[in-house]
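J.: Got a sequence here, can you model it:
(one chain, ligands or ions: 1)
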Amino acid sequence: MTLTDNLTFAQTVRELSDIDISPYADDSSAINQTSPEFAHEQETDPTLRHLWVKAQTGSSEFSVIEGFLYRKVPVNIPSMHEYALVVHNSKFQSDLIHMAHSNPLSGHQGICKTEQRLAALFYFSKMRKKIKEFVRFCEKCQMTAPKRK
Ligand SMILES: [Zn+2]
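T.: Numbers count the residues shown, from 1 in each chain. Alright, predicted model coming up:
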């Protein structure tokens, strides 16, 4: 994905994927940041410092494209894009997990499917662990999950 200056993340996500962002479309959500705001946070986040260094020193994994930090999409993830956007903000991360997890047409997705949808567009550390925790505590999934004996 490549971000355009005037679009918010909500718009970018909507354009690039079938992920439903409608519950997050209110102004208070972190995903309504504009691209320059996001770029600034990405650049100044101390936890991403070492990734910027990697990208700037010729890493094949991380790359700076038009001022944004990206990571190569892993080969096992089907994606229309070569690079996934690095997401730093933890509120934004959990919003994205929620969006990838709940599909308005097919219902809530399992861990693998959620990860595939998310990793095709975004990257953050411990993504799989965070998805697992999110799905485990998802109220709707707990209500509909088959009872174990
Ligand atoms: Zn769920």
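J.: so where's the protein shaky on pLDDT?
T.: Along the chain, segments meeting pLDDT under 70 span 1-8, 10, 15-31, 145-149.
J.: Let's see that with 90 instead.
T.: 1-39, 58, 65-68, 78-81, 88-92, 94-96, 98-100, 102-107, 117, 139-149 (pLDDT under 90).
J.: Where do the helices of it begin and end?
T.: Assignment of helices within the chain using DSSP state H yields the ranges 9-16, 35-44, 49-56, 90-101, 111-119, 127-136, 139-144.
J.: Just the C-alpha atoms of the second one, please, in PDB.
T.: When you say that, I think you mean helix 35-44. These are the backbone C-alpha positions of helix 35-44, laid out as PDB (Å, rounded to 0.1, in the frame of the first residue of the first chain):
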ATOM      1  CA  SER A  35      -1.000  10.500   6.500                       C
ATOM      2  CA  PRO A  36       1.400  13.300   7.600                       C
ATOM      3  CA  GLU A  37       0.300  12.900  11.300                       C
ATOM      4  CA  PHE A  38       0.900   9.200  11.000                       C
ATOM      5  CA  ALA A  39       4.300   9.700   9.300                       C
ATOM      6  CA  HIS A  40       5.400  12.000  12.100                       C
ATOM      7  CA  GLU A  41       4.400   9.600  14.800                       C
ATOM      8  CA  GLN A  42       6.100   6.700  12.900                       C
ATOM      9  CA  GLU A  43       9.300   8.700  12.600                       C
ATOM     10  CA  THR A  44       9.400   9.900  16.200                       C
END
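J.: list the helices and strands it packs on?
T.: Judged by 3 or more Cβ pairs under 8 Å, 6 or more residues apart in numbering; DSSP states H and E, the packing partners of helix 35-44 are helix 9-16, strand 68-72. Where you see a C-beta, it was placed from the backbone N, CA and C, and this is true even at glycine.
J.: TSV please, covering the ones you listed and showing mean neighbour count and distance to Glu43.
T.: Below are those laid out as TSV (neighbours: other Cβ atoms under 10 Å; distance: least, Cβ to Cβ, whole Å):
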stretch	mean neighbour count	distance to Glu43
helix 9-16	19	16
strand 68-72	20	8
